[in-house]
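Asks: requesting a structural model of the entry that follows:
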Amino acid sequence: MTDRPLNVFVLGLDEANLPTLRAVPGADDMAFHPLLTIKELQSGEVSVPDLLDRAHRVLDAFDGPVDAIVGYWDFPVSTLVPLLGERYGTRATSLESIVKCEHKYWSRLVQQEVISEHPRFGRVDLTADDPRPPDGVRFPMWLKPALSYSSELAYGVGDMDEFRQAVDAIKKGIHRVGRPFEYILDRLDLPEEMAGVGGQVCLAEETLNGVQVAVEGYVHDGEVTVYGVLDSINYPDSTSFLRHQYPSALPEPVQARLRSIADRVMRRIGWSEATFSIEFFHDPATDTTALLEINPRHSQSHAELFQYVDGAPNHHCMLALALGRDPALPHRQGPYDLAAKWYYRWFTDGVVHELPSDREIAAIERDIPGVRIDLVPDAAQRLSDSDQQDSYSYEVAHIFTGGDSEAELREKYDRCVAALGLGLGTPDATPS
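Replies: Here you go, the predicted model:
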């Protein structure tokens with residue numbers, strides 16, 4: 001303990017996560033400081049050197065010690081944490097271990113060294129006159145950049161016509177994240193199999209079947225700990241998430257298998273003193289499991305779910321590791337047996353008119369215990385202009401619910417949607 005607040009700098013600190021950060025056990029002796037804005041970090045084609053310069057100016061001008069630098073977003077935040085840690089002496093996993101998770105092609109190469117539970121995959125040559133699927137990778141498949149945000153530029157394709165359309169779309173947008181990512185790759189001593197691959201590479205993977213599930217954990221003192229398993233449920237006949245639900249309903253033997261895979265992979269990657277989140281598919285019909293992707297951070301989307309069920313948000317693990325404290329998360333000490341994050345989506349473009357005010361949203365949250373609502377678009381904003389949407393839908397609101405049954409979770413979600421009363425207008429319409 002110190003006789004002063006511990007100064008924690010949060011890359012991309014946002015209003016939605018500030019309450020859950022402050023709900024972490026021991027947060028009373030922490031002072032949270034914003035370090036760069038989400039707009040600076042995620043809008044347009046970012047410049048990593050420019051972001052580093054801006055962060056250095058903020059941190060160098062700070063009148064006090066820098067005790068921790070943390071972040072819960074994907075690139076470039078994920079890579080800025082270890083880069084800044086090198087300069088300011090704060091705790092972080094290595095830059096190489098981050099990139100081995102975040103570069104989807106390199107990550108697959110590492111995974112196949114220790115597990116077989118992954119789809120067939122390969123690179124697509126975007127520079128070819130007539131790009132083709134990799135040898136041995138069959139339709140249906142997913143095409144995706146080696147690095148992207150929130151499934152941006154990820155396309156499911158079932159034949160060559162769809163394949164070519166997806167390739168054309170990826171070619172047009174891959175530079176936004178891929179080009180700045182190459183600055184990070186240039187800082188690493190890459191293995192032979194990654195020589196010349198770069199950041200603007202497209203990956204093809206055979207489609208996985210079953211139910212999607214996320215595993216959250218951390219590595220501390222060389223030990224891999226999985227502290228939560230969550231189910232991800234899609235909209236019917238869609239690849240877009242309807243909700244994440246915690247805890248998972250999968251049988252314990254399946255969850256044990258997921259923990260074992262996570263242990264082997266994260267050890268091979270060289271992960272240390274940091275949180276991670278791994279997405280899987282499990283097919284109950286064949287009792288097979290496959291790793292979808294590794295995120296080099298915990299999921300801020302799940303913070304309220306752990307708070308509802310376990311009594312503390314998962315931010316606790318991130319902060320504790322960064323400060324050299326015990327990262328163990330409380331277990332089942334929250335007020336609810338179940339919790340969910342719902343994605344209220346529209347599947348056509350348009351404008352959300354007459355968004356509820358902060359006061360109106362607060363009233364809904366008071367009237368329906370165990371809920372929290374975050375609106376995604378701004379008033380009169382065209383949905384397709386929102387950042388980090390997937391390729392098939394538009395997020396309108398995130399609705400968190402806690403309850404003692406799935407029926408209660410759904411009932412609270414339906415009440416929230418009705419109370420919000422959001423309506424879709426055409427992109428060039430004006431509010432009435």
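Asks: please parse this protein into its domains.
Replies: 6-98, 120-206, 211-425 (automatic domain parsing).
Asks: how far off centre is the first one?
Replies: What that stands for is domain 6-98. Between the mean C-alpha location of domain 6-98 and the chain-wide mean there is a distance of 16 Å, by Cα atoms, centre = their mean, to the nearest Å.
Asks: okay, now the unreliable bits of the stretch 251-400 of the chain?
Replies: 387-391 (pLDDT under 70).
Asks: what segments of it are strands?
Replies: Residue ranges of the strands in the stretch 251-400 of the chain, as given by DSSP state E, counting those that start in this stretch, are 274-283, 288-295, 338-346, 351-353, 371-375, 394-403.
Asks: doesn't R243 make contact with Y343?
Replies: Yes: shown here, Y343 and R243 form a contact pair, counting by Cβ atoms under 8 Å, at 6.7 Å. C-betas here are computed from N, CA, C, even on glycine.
Asks: which one's more surrounded, those two?
Replies: More neighbours surround R243 than the other of Y343 and R243, with 25 against 21 (other Cβ atoms under 10 Å).
Asks: ok, for Y218, nearest residue in space, not its chain neighbours?
Replies: Residue nearest to Y218 in three dimensions, not counting chain neighbours: T275, with 4.5 Å by Cβ to Cβ, 6 or more residues apart in numbering.
Asks: cool, and D378?
Replies: Nearest one to D378, counting by Cβ to Cβ, 6+ apart, is L355 at 7.7 Å.
Asks: mind saving the C-alpha coords of stretch 263-276 as PDB?
Replies: Listed next in PDB are the C-alpha coordinates belonging to stretch 263-276 (Å, rounded to 0.1, in the frame of the first residue of the first chain):
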ATOM      1  CA  ASP A 263      -3.300 -23.400 -21.300                       C
ATOM      2  CA  ARG A 264      -1.300 -25.000 -24.000                       C
ATOM      3  CA  VAL A 265      -1.700 -22.100 -26.500                       C
ATOM      4  CA  MET A 266      -0.900 -19.200 -24.100                       C
ATOM      5  CA  ARG A 267       2.200 -21.000 -22.800                       C
ATOM      6  CA  ARG A 268       3.400 -21.500 -26.400                       C
ATOM      7  CA  ILE A 269       2.800 -17.800 -27.200                       C
ATOM      8  CA  GLY A 270       4.800 -16.700 -24.200                       C
ATOM      9  CA  TRP A 271       2.000 -14.800 -22.500                       C
ATOM     10  CA  SER A 272       2.900 -13.300 -19.200                       C
ATOM     11  CA  GLU A 273       1.300 -11.100 -16.500                       C
ATOM     12  CA  ALA A 274      -1.700 -10.100 -18.600                       C
ATOM     13  CA  THR A 275      -5.300 -11.000 -19.400                       C
ATOM     14  CA  PHE A 276      -6.500 -12.700 -22.600                       C
END
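Asks: only the buried residues of it, if you could.
Replies: D263, V265, M266, I269, W271, S272, E273, A274, T275, F276 (16 or more other Cβ atoms under 10 Å).
Asks: ok, and what's touching the longest helix belonging to the chain?
Replies: Assignment by DSSP state H gives helix 252-269 as the longest helix of the chain. For helix 252-269, contacts defined as Cβ atoms under 8 Å, 6 or more residues apart in numbering pick out 97, 100-101, 110-111, 113-115, 117, 213, 215, 217, 219, 224, 226, 229, 248, 250, 276, 278, 280, 282, 287, 289, 291, 294.
Asks: ok so, going back, Y105 is nearest to which of the domains of the chain?
Replies: domain 120-206 (5.0 Å; Cβ to Cβ).
Asks: on the three-state scheme, I115 is what?
Replies: Here I115 is recorded as coil under DSSP: H, G, I helix; E, B strand; the rest coil.
Asks: gap between it and L83?
Replies: 29 Å (Cβ to Cβ, to the nearest Å).
Asks: then M30?
Replies: For M30 relative to L83 (Cβ to Cβ), the value is 22 Å.
Asks: strands of the stretch 1-150 of the chain, residue ranges please.
Replies: 6-11, 30-35, 68-71, 121-124, 141-145.
Asks: can you count the residues close to P253?
Replies: Counted with other Cβ under 10 Å, P253 comes out at 8.
Asks: let me fix that, I meant to ask about A285.
Replies: 7.
Asks: need phi/psi at it.
Replies: phi -70, psi -30 (degrees, to the nearest 10).
Asks: how close does the closest residue to it other than its chain neighbours get to V8?
Replies: Nearest residue to A285, sequence neighbours excluded (Cβ to Cβ, 6+ apart): G210, at 7.6 Å. According to Cβ to Cβ, G210 and V8 sit 39 Å apart.
Asks: for those two, work out which one has more neighbours and name it.
Replies: V8 (23 against 16).
Asks: nearest the middle, which residue of the chain would you pick?
Replies: S299 (5.2 Å; Cα atoms, centre = their mean).
Asks: please save the CA atoms from stretch 137-155 in PDB.
Replies: What follows is stretch 137-155, C-alpha atoms only, in PDB (Å, rounded to 0.1, in the frame of the first residue of the first chain):
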ATOM      1  CA  VAL A 137      -9.200 -24.900 -47.700                       C
ATOM      2  CA  ARG A 138     -12.700 -25.700 -48.900                       C
ATOM      3  CA  PHE A 139     -16.000 -23.800 -49.100                       C
ATOM      4  CA  PRO A 140     -17.800 -22.600 -47.100                       C
ATOM      5  CA  MET A 141     -15.000 -20.400 -45.600                       C
ATOM      6  CA  TRP A 142     -14.300 -17.100 -44.000                       C
ATOM      7  CA  LEU A 143     -12.100 -14.400 -45.500                       C
ATOM      8  CA  LYS A 144     -10.600 -11.900 -43.100                       C
ATOM      9  CA  PRO A 145      -7.600  -9.500 -42.800                       C
ATOM     10  CA  ALA A 146      -4.800 -10.700 -40.600                       C
ATOM     11  CA  LEU A 147      -5.800  -7.800 -38.400                       C
ATOM     12  CA  SER A 148      -9.200  -6.100 -38.000                       C
ATOM     13  CA  TYR A 149     -11.600  -4.500 -35.600                       C
ATOM     14  CA  SER A 150     -14.900  -6.200 -34.500                       C
ATOM     15  CA  SER A 151     -15.200  -8.500 -37.500                       C
ATOM     16  CA  GLU A 152     -14.700  -5.500 -39.900                       C
ATOM     17  CA  LEU A 153     -14.000  -6.800 -43.400                       C
ATOM     18  CA  ALA A 154     -14.700 -10.400 -42.400                       C
ATOM     19  CA  TYR A 155     -16.900 -12.200 -44.900                       C
END
